[in-house]
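**Student:** coords please:
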Amino acid sequence: MTEPIFLQGICKDYLWGGNRLREEYGKQSDADKIAESWELACHKDGSSILKSGPDAGKTLREYLDAHGPAFLGTNCAGCTTVPVLIKLIDAKQDLSIQVHPDDAYAMRTEGEPGKTEMWYIVDAAPGAALYYGLNRTVTKEEFAQRIEAQTLPEILNRVEVKPGELYFIPSGTLHAIGAGILLAEIQQNSNTTYRVYDYGRRGADGKLRPLHIEKALDVTNLSPVLPTTQYPAVQVPGGSVRKLESCRYFASDVVTVSEEVHFTAEPDSFHHLLVLEGEGTLETPSGSAPLKKGDSVLLPAGLGQYSVRGSGCRYVLTYAAQPLSEQQ
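**Tutor:** Numbers count the residues shown, from 1 in each chain. So this is what the prediction gives:
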């Protein structure tokens, strides 16, 4: 593959979702609401669909099975799937308080990797907040008692958020996205979630949504987590680049284009672009293509130099910064 692939996200209609992804980002679904759009996904619970190139119409899973993982780059040489999962999330209501296991626990109990993730706040209503770890260290006994008494929120670190902020969520961290927040999520390619507290809500079947208390007790970090570093934007020719975070699983930056920015997709990693704002033009060795808000584009490793042109275009750039073969 020597050209960019535009991807169609897979929409999820969870009960807490709204309709901003449909109305503002052009996502399409027959469901009444769109809670999440899985923009770069190669998972058994959802795989992005190719919109361009000779394989248009196939899922990313089908494409990888047919062509192998070479397009992911040498940092992903031992991977059997795309190692990251990238979403847009629209929380009209509060999400459940939940936690994700680390790799060792998840592989042993669920048969897939654990889940470290990060949230880039795209938009937030005034006063919108999320839960981000604990506000003090607690014992496992107190944690269990508060789950039973439904007083868990009292010991959680509640943070009011603003657009442009980043929250890095290591596996084991209790967390929940609050109502009125729209964000981009970059995470390990895993869908394992242990729900701890859900406000007594019922699913479409009328039953209380299941909780996963015993597993949560096994994996939760019972001490506060460090605040996420908010890196400043750095000016580059034609725009700016702001580092979000780089860890052993993924690395992401926010790129803001004022004229034209240039990057290179080296042989070590794919590049993925998720356009959050504005319009632009993507120039690659194979030609040019328009970009618009909501677009998801996968650039193969080794594609070479490419550029994005267009004042006001802003996107999240994600790639594999470290070798991942031993982790997938």
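
**Student:** now the helices: where do they sit in the stretch 1-150 of the chain?
**Tutor:** 20-25, 60-67, 103-109, 140-149 (DSSP state H, counting those that start in this stretch).

**Student:** what's the closest of the ones you listed to residue 255?
**Tutor:** Of all these, it is helix 20-25 that lies closest to residue 255, at 17.8 Å by CB to CB. From N, CA and C alone the C-beta is placed, and that goes for glycine too.

**Student:** That closest one: which residues count as buried?
**Tutor:** Neighbour counts using 16 or more other CB atoms under 10 Å place 20, 21, 22, 25 of helix 20-25 among the buried residues.

**Student:** Show me what the helix or strand hosting residue 185 is packed against.
**Tutor:** Per DSSP states H and E, residue 185 falls inside strand 181-188. Under the contact definition 3 or more CB pairs under 8 Å, 6 or more residues apart in numbering; DSSP states H and E, strand 181-188 sits against strand 84-91, strand 117-124, strand 314-319.

**Student:** Need the winner for burial among those.
**Tutor:** With neighbours taken as mean count of other CB atoms under 10 Å, the helices and strands packed on strand 181-188 reach their highest mean count in strand 84-91, at a mean of 25.

**Student:** Mind giving me the packing neighbours of that strand?
**Tutor:** Partner elements for strand 84-91 (3+ CB pairs under 8 Å, 6+ apart): helix 20-25, strand 36-40, strand 181-188, strand 271-277, strand 314-319.

**Student:** what angle sits between it and strand 181-188?
**Tutor:** Orientation of strand 84-91 against strand 181-188 (axes from the mean of the first three to the mean of the last three CA atoms, to 10 degrees) gives an angle of 160 degrees.

**Student:** can you give me how far strand 84-91 is from the chain middle?
**Tutor:** 4 Å (CA atoms, centre = their mean, to the nearest Å).

**Student:** okay, the helices and strands packed on strand 181-188 in TSV with mean pLDDT and distance to residue 101 next?
**Tutor:** As requested, these are exported to TSV (pLDDT from 0 to 100; distance: least, CB to CB, whole Å):
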stretch	mean pLDDT	distance to residue 101
strand 84-91	98	16
strand 117-124	98	12
strand 314-319	98	22
